[in-house]
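Visitor: This is a predicted model, with the sequence first.
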Amino acid sequence: SQQGEEDPQALSIQEGENATMNCSYKTSINNLQWYRQNSGRGLVHLILIRSNEREKHSGRLRVTLDTSKKSSSLLITASRAADTASYFCATGGFKTIFGAGTRLFVKA
Amino acid sequence: SQTIHQWPATLVQPVGSPLSLECTVEGTSNPNLYWYRQAAGRGLQLLFYSVGIGQISSEVPQNLSASRPQDRQFILSSKKLLLSDSGFYLCAWSPPLQETQYFGPGTRLLVL
């Protein structure tokens, strides 16, 4: 089974609203990463949070990590139509395991 | 700056035909290299990774193989394609000792 599982599988919101995606994993980690994929394209790295960090910010992105619950969340504030994409969490080093992703659709 | 190239972008192949997908990285040395496959609407499945020339680790037993003939070249091959080999193939690299991966544009493979 997948190490990282995102929730929800799909999310549709209006431009300007916040979008929250969650990720759960099964084993202990050194860090957790979030990636974005536009339709038919390669993945783009968004943010890496280490196991000793609880929260990290990058522009409109806010990532939290709760190692006791083995979960992470990605918050995109003030969403834009251009944020429409699939978002994946990933854990592991060389043997990186990606979740199935959350498909975000932001309506203009 | 570093760039990663993959080709071809799209490929349609008959069942039983061979396959060769190439990935090259520019602007870095001794990168870790990865091949992933992504089924439609799904996450990524790690197929192979390499930490150096000639060093290949396989994660999924299948009819695919990988080779790294040069430091910044990674090739995915098959002698005989199956219908189930259809998918979106992504190459990625990461700097040595780092975990952030940088992805190529991908190759969409359709086996008919």
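Guide: Right, received. Where do you want to start? Residues are numbered from 1 along each chain as shown, chains lettered A, B, ... in the order given.
Visitor: For residue B:79, give me its contacts.
Guide: Residues counted as contacts of residue B:79 (Cβ atoms under 8 Å, 6 or more residues apart in numbering or on different chains) are B:18, B:63. Just so you know, the C-beta spots here come from the backbone N, C-alpha and C atoms, and that holds for glycine as well.
Visitor: Repeat that for the one 4 residues further on.
Guide: Taking Cβ under 8 Å, 6+ apart, we find residue B:83 in contact with B:15, B:111, B:112.
Visitor: check these against chain A, which are close?
Guide: Among the contacts of residue B:83, not one lies near chain A by Cβ under 8 Å from any Cβ of the partner chain.
Visitor: Quick check: which ranges of chain B have low pLDDT?
Guide: B:61 (pLDDT under 70).
Visitor: redo that, cut-off 80
Guide: B:61-62 (pLDDT under 80).
Visitor: With the flanking residues excluded, which residue is spatially nearest to whichever residue of it sits closest to chain A?
Guide: For chain B, the residue closest to chain A is residue B:103, as judged by Cβ to the nearest Cβ, at 3.4 Å. Nearest non-adjacent residue to residue B:103, counting by Cβ to Cβ, 6 or more residues apart in numbering or on different chains: residue A:42, 3.4 Å away.
Visitor: Please tell me I have it right and the one you found contacts residue B:106.
Guide: Yes: under the criterion of Cβ atoms under 8 Å, residue A:42 makes contact with residue B:106 at 5.3 Å.
Visitor: who touches both of the two?
Guide: In contact with both residue A:42 and residue B:106: residue B:90, using Cβ under 8 Å, 6+ apart.
Visitor: Counting neighbours, what do you get for residue B:6?
Guide: A total of 21 residues lie near residue B:6 under the criterion other Cβ atoms under 10 Å in any protein chain shown.
Visitor: helices or strands next to the helix or strand encompassing it in the packing?
Guide: According to DSSP states H and E, residue B:6 maps onto strand B:3-7. When contacts are defined as 3 or more Cβ pairs under 8 Å, 6 or more residues apart in numbering or on different chains; DSSP states H and E, strand B:3-7 packs onto strand B:19-26, strand B:87-94.
Visitor: what's the angle between the first one and strand B:3-7?
Guide: Read it as strand B:19-26. If you take axes from the mean of the first three to the mean of the last three Cα atoms, to 10 degrees, strand B:19-26 sits at 160 degrees to strand B:3-7.
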